[in-house]
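Undergrad: Coordinates for the following, if possible.
(one chain, ligands or ions: 2)
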Amino acid sequence: MEAARPPSTAGRFVVVGGGIAGVTCAEQLAIQFPSEDILLITAHPVIKAVTNFKQVSKVLEEFDVEEQPKTMLENRFPNIKVIQSEVKQLKSKEHCILTGDGSQHVYKKLCLCAGAKPKLICEGNPYVLGIRDTDSAQEFQKQLTKAKRVMIIGNGGIALELVYEIEGCEVIWAIKDKAIGNTFFDAGAAEFLTSKLIAEKPEARIAHKRTRYTTEGRKKEAQTKSGAGNLGSALGPDWHEGLNLKGTKEFSHKVHIETMCEVKKIYLQEEFRISKKKSLPFPRDHCNQSVTTDKEAWPVYVELTNEKTYGCDFIVSATGVIPNTEPFLCGNNFDLGEDGGLKVDAHMHTSVSDVYAAGDICTASWPPSPFWQQMRLWTQARQMGWYAAKCMAAAILGESIDLDFSFELFAHVTKFFNYKVVLLGKYNAQGLGSDHELMLRCTKGQEYVKVVMQNGQMMGAVLIGETDLEETFENLILNQTDLSSYGEDLLDPNIDLEDYFD
Ligand SMILES: Cc1cc2nc3c(=O)[nH]c(=O)nc-3n(C[C@H](O)[C@H](O)[C@H](O)COP(=O)(O)OP(=O)(O)OC[C@H]3O[C@@H](n4cnc5c(N)ncnc54)[C@H](O)[C@@H]3O)c2cc1C
Ligand SMILES: NC(=O)c1ccc[n+]([C@@H]2O[C@H](COP(=O)([O-])OP(=O)(O)OC[C@H]3O[C@@H](n4cnc5c(N)ncnc54)[C@H](O)[C@@H]3O)[C@@H](O)[C@H]2O)c1
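TA: Ligands and ions are numbered 1, 2, ... in the order given. Just a heads-up that it's a prediction; the model follows:
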């Protein structure tokens with residue numbers, strides 16, 4: 001712990017946050033300025049390190065992520081000092097931050113990488129859980145081992161992963177949309193994936209190239225709770241692999257989806273009894289269950305806007321995130337994005353002098369490339385942390401710097417329902433209006449390929465399964481090759497596209 005209570009005299013590079021964005025930023029600064037001290041302040045005892053980084057193609061990247069004790073980072077970079085403390089206030093006029101232990105730290109350039117927290121449908125209800133960090137995932141697992149039924153609200157990454165992974169527990173999944181996975185897929189891809197939810201037997205996990213997540217480096221001492229409230233860094237790919245996501249029953253998947261509805265009201269058991277309302281049993285296929293009522297007494301009940309009510313053991317609110325800006329706002333004139341993030345320009349600089357931001361906390365506010373959009377993802381946290389450090393260095397050295405190439409094309413590799421999923425560019429025709437066409441190729445149970453075309457050029461793609469098309473499509477989007485003469489042949493599996501375009 002930093003002993004000095006009065007502010008240190010020499011301003012230095014200070015980074016707040018031990019997640020992917022903060023650690024990558026600190027590492028890059030340490031490399032650029034080997035004779036300077038870099039201070040990393042983080043609320044949690046473990047940090048996230050990117051290991052085995054590999055640039056697979058121009059923009060697609062693979063890496064593993066390890067949770068490590070802070071000493072491992074300090075050993076790798078002797079000029080990085082990690083302080084475990086929560087930042088309570090930023091005094092930007094004095095170029096100084098205050099931490100929970102009463103210390104003040106003066107900076108010459110500061111990068112805020114404090115991540116985000118779950119945006120819960122209902123704060124303070126003990127039956128509503130959010131999943132963000134290792135502690136919250138463990139709490140979820142603990143509750144699941146005693147559960148017969150859970151309700152999942154939300155239709156993004158966490159919900160998609162949970163409905164597939166949970167076994168031995170009834171899952172009622174309530175989504176606002178017509179089809180599953182709205183943040184990643186259109187209705188066609190959703191239909192392709194839905195069959196996997198009904199499969200009774202879990203299949204062998206596929207091994208494929210994508211980011212892996214490991215807590216191997218996490219020391220025993222760091223496995224105890226941090227006492228820092230809900231301030232661990234975000235989980236990521238394969239976070240559930242070490243967790244036994246099994247409820248009390250013996251079946252595999254049992255998922256019922258309620259579409260186009262939201263949560264109207266949540267009742268605790270006694271409140272529900274007094275209300276005299278009726279709840280529905282778990283719906284069975286092809287059976288009109290509206291005539292029956294659920295006899296079971298549940299700890300909590302959820303009334304949906306479609307007038308259906310279900311009881312359950314607990315609710316997972318997988319309803320997105322809110323940037324962790326709160327400790328930094330008071331007295332500072334930050335421009336905030338609509339999503340509540342700190343707006344950053346093309347140099348990752350916020351609206352406050354010498355303060356940069358990267359990762360989930362920030363809102364990218366530069367005019368984006370036609371094929372890129374911000375999504376709060378691990379890859380973007382790494383790219384932003386790295387690029388923010390480059391920009392901080394360039395500012396100190398008086399050099400100019402261009403927006404990094406990684407922001408030219410949105411590229412995300414992940415896994416849903418045991419399929420490899422690659423998303424490129426405007427994969428859901430985001431912002432293209434009606435002036436675009438879709439081309440599809442689908443083999444049930446095997447692959448789903450969708451490309452988004454505009455004026456004969458490829459703007460985006462969704463690749464589900466082992467399609468091996470990602471590198472070729474990445475090039476076609478980046479080069480804006482005129483593909484109009486190929487028509488539907490573009491997706492003909494008998495044509496080797498690589499021969500044409502590589
Ligand atoms: C369950 C789950 C699954 C996910 N799966 C994927 C996936 O498959 N693929 C993918 O690309 N992305 C995934 N993500 C998203 C990804 O994990 C995040 O986008 C990314 O990790 C954000 O990194 P970050 O460094 O910006 O923030 P974080 O990882 O949240 O780190 C923030 C850091 O700031 C610290 N901090 C916060 N407040 C303070 C304070 N006041 N003072 C000091 N320190 C503070 C925290 O302790 C933490 O170390 C997932 C997220 C979750 C929650
Ligand atoms: N494999 C992956 O890439 C992956 C997996 C898990 C999580 N993540 C990331 O982790 C973060 C958190 O995941 P998440 O699933 O909570 O967020 P998300 O942004 O992916 O999805 C949020 C979902 O909640 C819905 N929603 C929002 N408010 C709602 C409300 N009041 N009622 C009902 N639905 C509501 C939205 O329509 C959306 O479907 C995100 O940044 C996500 O991208 C990524």
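Undergrad: Count residues in the vicinity of residue 257, would you?
TA: Residue 257: 17 surrounding residues under other CB atoms under 10 Å. Heads up, the C-betas are built off the backbone N, CA and C, glycines and all.
Undergrad: name the element it belongs to?
TA: Secondary structure assigned from DSSP states H and E places residue 257 in strand 255-258.
Undergrad: One more: residue 391?
TA: In the assignment (DSSP H and E), residue 391 maps to helix 378-397.
Undergrad: That helix near ligand 2 anywhere?
TA: No. Helix 378-397 stays clear of ligand 2 (CB under 6 Å from any ligand atom), getting no nearer than 7.6 Å.
Undergrad: what's near enough to touch the residue nearest to residue 431 when sequence neighbours are not counted?
TA: Leaving aside its sequence neighbours, residue 431 sits nearest to residue 373 (CB to CB, 6 or more residues apart in numbering; 7.9 Å). Residue 373 makes contact with 410, 426, 430, 431, according to CB atoms under 8 Å, 6 or more residues apart in numbering.
Undergrad: And the pLDDT for the last one?
TA: In other words, residue 431. Residue 431 carries a pLDDT score of 90 in this model.
Undergrad: again with the second one
TA: Per-residue pLDDT puts residue 426 at 96.
Undergrad: and the nearest residue to it once chain neighbours are set aside, how many neighbours?
TA: What sits nearest to residue 426 in space, not counting adjacent residues and going by CB to CB, 6+ apart, is residue 460, at 3.8 Å. Residues lying near residue 460 (other CB under 10 Å) number 27.
Undergrad: Residue 83: helix or strand, and which one exactly?
TA: Assessed by DSSP H and E, residue 83 sits inside strand 80-84.
Undergrad: just to revisit the earlier point, most neighbours among the contacts of residue 373, please name it.
TA: Compared across the contacts of residue 373, residue 410 has the highest neighbour count, 25 neighbours, by other CB under 10 Å.
Undergrad: list the contacts for that residue?
TA: Residue 410 neighbours (CB under 8 Å, 6+ apart): 371, 372, 373, 375, 423, 424, 425, 426, 427, 460.
Undergrad: Now a PyMOL select for only the buried ones of those.
TA: Buried residues among these (16 or more other CB atoms under 10 Å), as a PyMOL selection:
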select buried, resi 371+372+373+423+424+425+426+427+460
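Undergrad: Quick check: buried residues in stretch 126-143?
TA: By neighbour count on 16+ other CB under 10 Å, the buried set for stretch 126-143 is 127-137, 140-141, 143.
Undergrad: Include secondary structure and distance to residue 448 when you put the contacts of residue 410 into JSON lines, please.
TA: Output for the contacts of residue 410, formatted as JSON lines (DSSP: H, G, I helix; E, B strand; the rest coil; distance: CB to CB, whole Å):
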{"residue": "371", "secondary structure": "strand", "distance to residue 448": "20"}
{"residue": "372", "secondary structure": "coil", "distance to residue 448": "23"}
{"residue": "373", "secondary structure": "coil", "distance to residue 448": "21"}
{"residue": "375", "secondary structure": "coil", "distance to residue 448": "20"}
{"residue": "423", "secondary structure": "strand", "distance to residue 448": "12"}
{"residue": "424", "secondary structure": "strand", "distance to residue 448": "14"}
{"residue": "425", "secondary structure": "strand", "distance to residue 448": "17"}
{"residue": "426", "secondary structure": "coil", "distance to residue 448": "17"}
{"residue": "427", "secondary structure": "coil", "distance to residue 448": "12"}
{"residue": "460", "secondary structure": "strand", "distance to residue 448": "14"}
